[in-house]
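Predicted coordinates and the sequence they were generated for:
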Amino acid sequence: MQRRRREFVQNFRVSRESFDYICDQTRGLLVKKDMNYRLCIPVQKRVAIAIWKMATGSEYQTISHLFGVGLCTVYNCVQEFCDAVIRVLLPLHVKTPDAPKLLEMATFFKNRWRAPQCVGAIDGSHIPITAPKEFPKDFFNRKGWHSVVLQAVVDGKGLFWDVCVGFPGRMHDARVLRLSSLWEVLSDGQLLGQQKANISGRQVGHNIIGDPAYPMLEWLMKPFSDTGRLTPAQSMYNFRLSSARSVMEMAFGRLKGRWRWLLKRNECKLELAKRMVLACCVLHNICEEHGDNFVEEHLGSWSDRCM
């Protein structure tokens, strides 16, 4: 039994329990009616086809032979599964925290990394794509390949609570932030300014932390520029910020370790690629929330190429 469980996770990157949960939640949108001379493909098989695609990055033709279905069927299963995950599971598993949740997240960051009032870490990651027909130069990133940007905010446990995907790879992280819905949500100060704490005589609200690419804002903290003249206090601040931000890198590592599709230059159209990235982020949260085993060798060498 244990061996079967391990093999299932190795093949599909999710536990059997998580797989069944995903099937149950998306069944209403994925179930099909039997035809007079043809039985429909069961929901479990449709989900398995889509998850296999995202877990392995295999070609559609390969998956078609593996599961004994037509090429168009594989493509439709992936599309419909992603749409169902975004419609049903995204609102349940990737959502803006309320006041009690913010307090819980801030307590976690403070206890673990001594980062007061921090409720998340933000960063961007590049997802490889084939050059789109329209404005391909916009998607050509600084590393020399075409991509879309995945901007994400994670809590101290590495769970995504805000995800934005689709901006061209050429775009700077700071501009992606300003154009994202997260900017609108946080800029008025209402969400993160609800529960302030006295820090060195100043009332400070909750904040998220980012790398030097981001602007310094009331709700967004970044490291001091290291000019070689940092004070001991500034150096300690940078150290704690860097330590807390490591949770973001770990989250991206586990995301791409599980869903190897995110590492491949994909043959699918741009809009489907965006939906697949969103679906992978939702699946990441489900796996983490359910305590699914993560196989370390899945990490591979993702980090340098796709950050």
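Right, received. Where do you want to start?

can we go C-alpha only for contacts and neighbour counts from here?
Fine.

Now residue 31: closest residue in space that isn't a chain neighbour?
residue 43 (5.7 Å; Cα to Cα, 6 or more residues apart in numbering).

Which secondary structure elements does the longest helix seen in the chain sit against?
Ranked by residue count and defined by DSSP state H, the top helix of the chain is helix 232-258. Applying 3 or more Cα pairs under 8 Å, 6 or more residues apart in numbering; DSSP states H and E, one finds that helix 232-258 makes contact with helix 99-113, strand 118-128, strand 147-154, helix 270-289.

what does the shortest one contact?
Contacts to strand 147-154, defined as Cα atoms under 8 Å, 6 or more residues apart in numbering, come from residues 120-130, 139-141, 160-169, 173, 176-177, 247-248, 251, 277.

for the last one, same thing?
Residues outside helix 270-289 that contact it (Cα under 8 Å, 6+ apart) are 14-15, 18, 54, 79, 82-83, 85-86, 89-90, 93-94, 129, 132, 150, 159-160, 163, 165-166, 254-255, 258-259, 262, 266.

mind listing what residue 26 touches?
81, 84-85, 88-89 are the contacts of residue 26 under Cα under 8 Å, 6+ apart.

Which of those residues ranks first by neighbour count?
With neighbours defined as other Cα atoms under 10 Å, the most crowded of the contacts of residue 26 is residue 81; it has 28 neighbours.

could you list every residue that touches it?
Neighbours of residue 81 in contact, by Cα under 8 Å, 6+ apart: 26, 30, 46-47, 50.

pLDDT score for it?
Model confidence at residue 81, given as pLDDT, is 98.

Repeat that for residue 5.
Note on residue 5: pLDDT of 79.

neighbours around the residue nearest to residue 31, how many?
Residue 43, neighbours per other Cα under 10 Å, totals 20.

Any chance of the backbone angles for it?
The phi/psi pair for residue 43 (degrees, to the nearest 10) reads phi -60, psi -40.

pretty sure it contacts residue 25?
No - the criterion here is Cα atoms under 8 Å, and residue 43 misses it with residue 25 at 10.8 Å.

one step back: so which of the helices and strands packed on helix 232-258 comes closest to residue 5?
Closest to residue 5 of the helices and strands packed on helix 232-258, according to Cα to Cα: helix 270-289, at 14.3 Å.

in the closest one, what counts as buried?
Buried residues in helix 270-289, counting neighbours by 16 or more other Cα atoms under 10 Å, are found at 270, 273-288.

how about residue 119, what does it touch?
Residue 119 makes contact with 102-103, 105-106, 109, 155-156, 206-208, according to Cα under 8 Å, 6+ apart.

go with 6 Å
Shown in contact with residue 119 (Cα atoms under 6 Å, 6 or more residues apart in numbering): 105-106, 207-208.

sorry, back to before: give the buried residues for the longest helix of the chain.
Within helix 232-258, the residues that qualify as buried by neighbour count (16+ other Cα under 10 Å) are 235, 237-238, 241-242, 244-245, 247-249, 251-258.

how close does residue 114 sit to residue 222?
Look at residue 114 and residue 222: by Cα to Cα, to the nearest Å, they are 15 Å apart.

Compare those two and say which is more crowded by neighbours.
The neighbour count for residue 114 versus residue 222, taken as other Cα under 10 Å, is higher for residue 222 (20 against 17).

Any stretches of the protein with poor pLDDT?
Scanning the chain for pLDDT under 70 picks out the ranges 36-37, 296-307.

Reformat the contacts of residue 119 as a markdown table; add distance to residue 227 and neighbour count.
Output for the contacts of residue 119, formatted as a markdown table (distance: Cα to Cα, whole Å; neighbours: other Cα atoms under 10 Å):
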| residue | distance to residue 227 | neighbour count |
| --- | --- | --- |
| 105 | 32 | 20 |
| 106 | 30 | 23 |
| 207 | 25 | 24 |
| 208 | 24 | 23 |
